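Novice: output the structure for:
(2 chains)
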Amino acid sequence: METMSVARTLHWIIRKVNELHDMIRRYVVYISFFVLGSTNLLGIAIIRGNDPAEREVFFETKVRPLLSQHCLECHGVKEQSGGLRFDSSTAITRGGSSGLIVIPGAPDKSPLVQAIRYADPNLEMPPKGKLTDAEIATLVEWVRTGAYWPKGNEPDAVEQLPPAKRIDQIRESHWAYRPIQAAAPPKVKDSKWPWHPIDNFILSALESQEITPNRQADRRTLILRAYFTLLGLAPSYDEVQAFVADDSPQAFSNMIDRLLESPHYGERWARHWLDVARFAETTGYQAGSRDTTYPYAYTYRDYVIKAFNDDKPFNEFILEQLAADQLELDDASKHKLAALGFLTVGRKFMGNEHEIIDDRIDVTTRAFLGTSVACARCHDHKYDPIPTADYYSLYGVFASCQEPEILPLLGDPKSTPGYEEFLEAKAKKQEEVDKWLEKKRVATEQELRSRIADYLVHLAKLRQDSNPKGVKKIGERGPLRPRAVARWQDFMKNLDVKNHPVWGALYRFGKISKESFAEDMNSILSEASSDQLQGLHSSLVAKWRETPPESLVDVAQSIGEKLEEVLKSWNELKKKEPTATRLADDSDEELRGAMFATDNPTSLTADQMIAHLDQAERNEYNQQLGKIKSVEASHHGSPARGMVVVDRPNPHDPVIFKRGQPGNPGDSVPRRFLQLLSHVDGGKPFVKGSGRLELAQAIAHPNNPLTSRVIVNRIWQHHFGTGLVPTASDFGSRGEKPSNPELLDYLAKEFMTDGWSIKRLHRRIMLSATWQQSSEVHSEGQSIDPENRLLWRMPRRRLEFEPLRDRLLTSTDKLDRTIGGRSVKIHEDATRRGLYAYVDREDIPGLLASFDLPSPDASQATRARTTVPQQALFLINAKFVIQQAETLASKTSSIESTQDRVKALYKRTLARTPDEQELRMAIDFLDAAKTSAEAQKIDPWSQLAQVLLLSNEFAFVD
Amino acid sequence: MNPQDPISLIRELGNMPASRREFLRRSGVGFGSIAMAGLLAEDSGRMFADGSAALTEQSHPNPMHPKQPHFAAKAKAVIHLFMNGGPSQVDTFDPKPALDKHHGQPVPNNLRTERETGAAYRSPFKFQKYGQSGIEVSELFPHVGEMIDDVCVIRSMHANVPNHEPSLMLMNCGDATLVRPAVGSWVTYGLGSVNQNLPGFIAMCPGGYPIKGSENWQSGFLPGAYQGTYINTKNKDIEKLIANIRNASGITQSDQRRQLDLLQAINRRHQEARQQDAELEARLQSFELAYRMQMDASEAFDINQEPQSIREMYGDTVQARQILIARRLVERGVRYIQLWHGNGQPWDSHDKVEENHRKLAGECSQAIGALLKDLKQRGLLDSTLVVWGGEFGRTPTVELPKPGANAGTTSGRDHNHYGFTMWLAGGGVKGGYVHGATDEFGFEAVEKKVHVHDLHATMLHLLGFDHTKLTFRYAGRDFRLTDVHGNVVHDIIS
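Specialist: Numbers count the residues shown, from 1 in each chain, chains lettered A, B, ... in the order given. Below you'll find the predicted structure:
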């Protein structure tokens, strides 16, 4: 029998089990009847009679789960161990390579039963462990009653097809892979409601469910909604008033145009894209004091802001983010290189290349194609038509890329005072590092020379020991530097060394056998002019004649000692006469020269010194380097650079790693686009370098059915809270189906026809009656479509962290409206917009995490929407919030009338005036505060202002 | 409606259509857990009518709402005492006389670890039998020795590699490299938490982060609510322990109450025009919860409320303080508490193992013993699973000196993932029992080996979960803590 495979295909089982749950639900009526009627002591169902329904229920509820759980992993569609599969009746009755396994009606004769009973030690199934008695009894019962297999219940017909055919079939059957259809806007009964074709699609779906959509929201709601959606900022009281008063039919449309032209529009929509791009500014954990920051990550954010503000066509946005380096940019367009941050701002997994590539595959396919390819790393995707080969095709693309050591400038830095200051600051740090390294270099040369005997003895041991690998890198005076040992080894391999007066001895005597060393050495030394001694340094020969070495180690020791003596006298001399250039004794000077020669392993250049650093020194060195990097990262005059990737000189030819294990290579595959979408680019292998540009072009191709659908759905999601496809990054079979597929296709088609313009898409959506309807709930809609998937009302939305915080700052006019640039520590009371928050993957500020800022470890399509007490604690207690409240109090302090001052607070915070009752509540509150002795410390006006900042009206948009 | 009256809240919520209640499922608002349990039981009951044990995100309301596990189990809470850096098994709970006998001589099976090690290196610590079970414990942990009849010592733990980072990830998240949820995240995902006014999963480490930082308590692909809340227990002030727990302007409680009363009045007017919107309601309630939490959390972390005798029992160290806090948290229904010995990797004794281990054990032994005793006397030990150990153990052989890697001495031990000791107590484990064994020298687990995945499977089992069925669907796949591995070690369950 074949042994069980190590890596398991659990997905398969899980799916089967899930399918079974569905089935069980369907058969629930039968089960209750059946189980009640016939259960024996073991709890095993026994079949009475031949009722097919009963047999089917028995099979589906008892037998198939067992087969799924215990057999299909090795005997299913994926693997047919022993030529057997347990997923269809034909497969069962046909048997395996060793013949029939089930003999219906005769369990004792059926090999299957023998195997599960562990009757034969050579055939014990499942190999993981014996089934329980009850489980065995169930299968025995099943065989006894004829091994019933329901008709028409063969495994998924598609799954049985060969892989290529299977992909073809799914491409034609799954909605997201089919070509985009240009359907005409449907006719509707209520012809007055629709303003735009979008409304026809929405209304048609609503009418079929007999739901009436809401009417237009009031103007105040519309302007708040438009500002929130497009800018993520609240309008001022005056802006609201002006809009409410403007009765021109173009008022709303004009406002949208104005907002789309605001530079704050790009900030708002960049943040949505940054969630998808798993944006953060650090590598994640790194060992050994390495710098984890991405000092130029901000340039990617700036690029995205600008792309939205410029209404960069989305297809260009794709090309630039995946392959800006290959677009032959002229000098004026170099800033586009920053787009490649899309690939590089992910986690670095301590430098593990496979994980980095996996991250890039994942973000690319999910962001643009709404498809999860990373699933296919270890095995074919279980639900979507993505074979493992596709993963490695893309793996090949990204494995053919690298991040250059020095990141390119995004334009020629201009000689501004700031830039000059930066250069100076950087040079100063560089000098410090150079000084540190030079000091280390001199000390290490001294160390290597003063312990030269240890190194030479080590070389001799390596030469003579029968097991050189077992020789530890330790000398008499402690551990040796591995790099220095390696350099000595290389040095001794050089043939010229043979004739060197000092090192030649080790070379020549190294040839003498260990066993006869003492004897052979004696005879060499006894000869007056042995060839072996020819040219060797006389002082060494004299030393050996005095004490004949008994081993190569002795030779090494004596040379080392002699050299160390010479070094000692040299050091003493230098102490006395710092200008001395040579030793007085010619013989000693010759030896010193040998040791100090520039090619000698004890002499180090700066680069060699870096290679010699031990672990602790290396940590120290990295810290030194970090100082230079931190000047580049934080100096205000440091020029912007792009976090690019470039192609490697030789593209990587990918092979499949079986089960995702790099040590387990399988077939080779070409670098090419997904087979599922092979019709887009003809399925040809990529030929240009890594193929990144070809990949980007295939993604952005108008014939690609996914890309335009995915992006219009994302835009829709940020208007309505939920996409037409709620699983915005999963358009596969496990994702949800579109609530209005015709509308999705209509939008996708129009979007492409329109030159992939996102701004025009916004206009289209916002000018619809669907978008402008009120958020009111009515019972008809609520009872038929409580989830509001068909959009009979505008969903009420809560401000995300960034707009909420921005609004706190706009209410006090404290918001710093600078666009772009380096991040700030938002949790430390900065006044820039929320999207400029510095996010360290390794240490996400608790404030951001508790307000649902998404994890930057994977592409995020939607944010969680939690209401946790940490959010409320921040709002009631944090200094930042209280400061805003105090500012509001002080900014209104000159208003004498209490009523007017309350009104002023309402205008600043909620962009409206209070009604009578609100006014009274506020005044009552203030009065009570004045009489409270405790309240004297804290200004009641500031307390009142804070209440308004905390109110639901402040945090929600209708 | 009075926001502080759970009954009227239930009535209100009960009148809402199901879809609006659905909003609540993602909110961590603590409506009072019992009230919520009653309110939402109807929904969850339906979800599980088909007998499906698989948990999905959709099937639960408030993420921290208490949930029932797959089967009845004793353990309700976990305290994981993490000796980060890797304590030496042969110096603590796995005595090896052979090391004394062969001290200084090569061991027959010197396995490859992170660094080179040399000869057998005897333990400088004396072992002594404790309790009725007579299990031997070294002089480092006499207080644990006193409680040994409640402790199950697993001497045959093993992991994958001898390096800190992957081993920490394996021990905490079940995978050495990929981003996966921590054990505490899985447990709170599966069980929720009893106390809605405190975080359900708390990681405490004095002085900063351990190696790998917050990844050790990450929620990975699980919802963020299940991420561990980090608390730096070097601080004594509650303000520094929990963000924004104190008001920055020092407002009095009664003034803040008046402020919130006005806020709720304004919010309720706003809501009147918007019918019953659960999300508006949830946010309104969250302020009430935050208000209460200021009191509750302060109280939970304040060990000065313990009687003198209890404080003396634990001792007067940072370790003692955080271990005593852990007991107070367990009492208050916090689900999963991980206690790290200190920032970085304090137990990583590459040299001077005697000096270092003596110091480290001195800081925590008394408090750990006190914790076991205290939980027991309060009847909490049965329902609290205490786990002790590091990410791996240490070699029984001496680490050879290497420049920059240790202080150049021959007095320490290298990392060892081939065999090490962890112990469990309470929560339904078999006390006074030794499971498995390492070889003669204590290098490699040889008998009844327990892999980290097996430990995880067993911990989940003790909490009432079939580890193969506690799953979460992410990126089209059902993931679990033990991935495709892990077997429950039934021998250690009482």
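Novice: going by C-alpha atoms from here, please, whenever you check contacts or count neighbours.
Specialist: Noted.
Novice: just checking, next helix/strand downstream of the one helix or strand A:Asp745 maps to?
Specialist: In this assignment (DSSP states H and E), A:Asp745 forms part of helix A:741-753. Sequence-wise, the next helix or strand downstream of helix A:741-753 (DSSP H and E) is helix A:758-766.
Novice: who does that following helix touch, helix- and strand-wise?
Specialist: helix A:251-261, helix A:707-720, helix A:741-753 (3 or more Cα pairs under 8 Å, 6 or more residues apart in numbering or on different chains; DSSP states H and E).
Novice: got the buried residues for that helix?
Specialist: Residues of helix A:758-766 classed as buried by neighbour count (16 or more other Cα atoms under 10 Å in any protein chain shown): A:758-762, A:764-766.
Novice: got the contact list for the following helix or strand past it?
Specialist: As assigned by DSSP H and E, the chain's next helix or strand after helix A:758-766 is helix A:769-772. Residues from elsewhere that reach helix A:769-772 (Cα atoms under 8 Å, 6 or more residues apart in numbering or on different chains): A:193-196, A:198-199, A:202, A:213, A:215-217, A:222, A:719-720, A:765-766, A:791-794.
Novice: report how many residues lie close to whichever residue of the stretch 101-250 of chain B sits closest to chain A.
Specialist: Here the stretch 101-250 of chain B gets closest to chain A at one residue, B:Asn247, 4.0 Å apart by Cα to the nearest Cα. By the measure other Cα atoms under 10 Å in any protein chain shown, the count of residues near B:Asn247 is 20.
Novice: quick one: it from B:Gly190, how far?
Specialist: 34 Å (Cα to Cα, to the nearest Å).
Novice: how about A:Arg714?
Specialist: Per Cα to Cα, A:Arg714 is found 31 Å from B:Gly190.
Novice: do the same with A:Phe252
Specialist: 49 Å.
Novice: ditto for A:Arg797
Specialist: Taken as Cα to Cα, the span from A:Arg797 to B:Gly190 is 29 Å.
Novice: neighbour-wise, which of those two wins?
Specialist: Each of A:Arg797 and B:Gly190 has its neighbours counted (other Cα under 10 Å); B:Gly190 has more, 28 against 18.
Novice: spit out the contact partners of B:Val386.
Specialist: By Cα under 8 Å, 6+ apart, B:Val386 lies in contact with B:78-81, B:424-427.
Novice: farthest-apart pair in those residues, please.
Specialist: The widest separation within the contacts of B:Val386, taken as Cα to Cα, falls between B:Leu81 and B:Gly427 and amounts to 14.7 Å.
Novice: compare those two (neighbour count), which wins?
Specialist: Between B:Leu81 and B:Gly427, counting by other Cα under 10 Å, B:Gly427 is the more crowded of the two (25 against 21).
Novice: can I assume that one sits in a strand?
Specialist: No: counting by DSSP: H, G, I helix; E, B strand; the rest coil, B:Gly427 is not found in a strand; it is coil.
Novice: before we move on, the earlier item: pLDDT added to the buried residues of helix A:758-766, as TSV?
Specialist: Converted to TSV, the buried residues of helix A:758-766 look like this (pLDDT from 0 to 100):
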residue	pLDDT
A:Ile758	98
A:Lys759	98
A:Arg760	97
A:Leu761	98
A:His762	98
A:Arg764	96
A:Ile765	98
A:Met766	98
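Novice: tell me which of these is nearest to chain B?
Specialist: Within these, proximity to chain B (Cα to the nearest Cα) peaks at A:Met766, which comes in at 22.8 Å.
Novice: separation between the residue nearest to the residue of the stretch 101-250 of chain B closest to chain A when sequence neighbours are not counted and A:Gln871?
Specialist: In space, and not counting its chain neighbours, B:Asn247 is closest to A:Asn877: 4.0 Å by Cα to Cα, 6 or more residues apart in numbering or on different chains. For A:Asn877, the distance to A:Gln871 (Cα to Cα) stands at 10 Å.
Novice: now do A:Ser513
Specialist: For A:Ser513, the distance to A:Gln871 - Cα to Cα - is 79 Å.
Novice: so which of the two has more stuff around it?
Specialist: A direct count of neighbours by other Cα under 10 Å for A:Ser513 and A:Gln871 places A:Gln871 higher, at 22 against 13.
Novice: show the pLDDT at the residue lying farthest from the centre of chain A.
Specialist: Taking Cα atoms, centre = their mean, the residue of chain A most remote from its mean C-alpha position is A:Ala528, at 74.1 Å. A:Ala528 is assigned a predicted lDDT (pLDDT) of 77.
Novice: now it: which helix or strand?
Specialist: Going by DSSP H and E, A:Ala528 is not in any helix or strand.
Novice: please report the distance of it from chain B.
Specialist: 45 Å (Cα to the nearest Cα, to the nearest Å).
Novice: A:Pro601 now?
Specialist: 19 Å.
Novice: quick one: secondary structure of that residue?
Specialist: Assignment for A:Pro601 (three-state DSSP): coil.
Novice: got a list of contacts for stretch B:76-83?
Specialist: With contacts defined as Cα under 8 Å, 6+ apart, stretch B:76-83 is touched by B:326, B:330, B:333-341, B:346-347, B:383-391, B:427, B:463.
Novice: I meant to write stretch A:436-449 there.
Specialist: Stretch A:436-449 is contacted from outside by A:564, A:567, A:595, A:602-606, A:609-610, A:621, using Cα under 8 Å, 6+ apart.
Novice: which of those residues are buried?
Specialist: By neighbour count, with 16+ other Cα under 10 Å, these hold A:564, A:567, A:595, A:602-604, A:609-610, A:621 as buried.
Novice: hey, where'd the strands end up in the stretch 301-450 of chain A?
Specialist: A:401-402 (DSSP state E, counting those that start in this stretch).
Novice: helices of that one, residue ranges please.
Specialist: For the stretch 301-450 of chain A, the helices defined by DSSP state H, counting those that start in this stretch occupy A:314-323, A:341-344, A:353-369, A:388-399, A:417-450.
Novice: now the strands: where do they sit in chain A?
Specialist: Along chain A, the segments classed as strands by DSSP state E run A:401-402, A:474-475, A:478-479, A:646-647, A:655-657, A:665-668, A:797-798, A:956-957.
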